[in-house]
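Visitor: Here is a sequence with its predicted model. Questions after.
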Amino acid sequence: MTEAQHPVHARRRPRPAWRSWPARPVLFLALLVTLLVAHALIGEQGVSSGLNTRRTYQRLRVDVSTLRAENVRLRLEAQRLRGDLATIEAVAREELGLILPGEKVFLLGDAPRNSGPVRRAGHR
C-alpha cells in the first residue's frame, strides 16, 4: 500500500457547512422556529381552531337573537291569551273547532271520515 492510500495519511475532506460549529445553532434555531410556527397553525390552540371557534360563536349569536325574538313573540301571545277575548275566541274557533250558539256551519267539499261533529262553545 502506498502512503497516499493509507487511511492515516489520507487527505481529510472539509466538513460540510451545515456540520460546522457556527451553522449548528442556526439550524437548531430554524428547526425550533419551524416547529413553533407549525404548532401555532395546526396545534390545539392554533389558527384553525380559532377560526372554528369564531364561526361557532357567530352561529350561536344568531341562534340566541332568534330565540330572544321568539321569546318576545310568545310572551306577547301568552299575554293576549290571558286577557284578550277576541284572541281567545279566534284560537277556540281555529284550533278547537268551536262555534257560538246560534251559528251555522257550512262544510264545503268532502269531510274526512274520522272527523267528529262540530262542537258548540259553552256546550260539552
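Guide: Looks like it came in fine.

Visitor: switch to C-alpha atoms for all contacts and neighbour counts from now on
Guide: OK.

Visitor: can you map out the helices along this structure?
Guide: 23-42, 47-83, 85-96 (DSSP state H).

Visitor: Mind checking those for the one nearest to Gly109?
Guide: helix 85-96 (18.2 Å; C-alpha to C-alpha).

Visitor: And Leu51, how close does it get to Ile42?
Guide: 12 Å (C-alpha to C-alpha, to the nearest Å).

Visitor: Residue nearest the middle of this protein, spatially speaking?
Guide: Centroid check for the chain by C-alpha atoms, centre = their mean gives Thr56 as the closest residue, at 4.4 Å.

Visitor: tell me the pLDDT at that one?
Guide: Note on Thr56: pLDDT of 96.

Visitor: Got phi/psi on Leu108?
Guide: phi -110, psi 130 (degrees, to the nearest 10).

Visitor: Relative to Arg93, how far out is it?
Guide: 17 Å.

Visitor: Looking at these two, which has the bigger crowd around it?
Guide: Comparing Leu108 with Arg93 by other C-alpha atoms under 10 Å, the one with more neighbours is Arg93, at 16 against 6.

Visitor: That one and Glu103 touch, don't they?
Guide: No. Using C-alpha atoms under 8 Å as the test, Arg93 is too far from Glu103 to be in contact (11.9 Å).

Visitor: Using CSV, list the CA coordinates for stretch 45-60.
Guide: Output of stretch 45-60 as CSV, limited to C-alpha atoms (Å, rounded to 0.1, in the frame of the first residue of the first chain):
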residue,chain,number,x,y,z
GLN,A,45,-55.0,26.4,20.2
GLY,A,46,-53.9,27.2,16.6
VAL,A,47,-55.3,29.4,13.9
SER,A,48,-57.7,26.8,12.5
SER,A,49,-59.1,26.2,16.0
GLY,A,50,-59.5,29.9,16.5
LEU,A,51,-61.4,30.3,13.2
ASN,A,52,-63.7,27.3,14.0
THR,A,53,-64.4,28.9,17.4
ARG,A,54,-65.2,32.2,15.8
ARG,A,55,-67.6,30.6,13.3
THR,A,56,-69.3,28.7,16.1
TYR,A,57,-69.6,32.0,18.1
GLN,A,58,-71.2,33.8,15.2
ARG,A,59,-73.7,31.0,14.6
LEU,A,60,-74.6,30.9,18.3
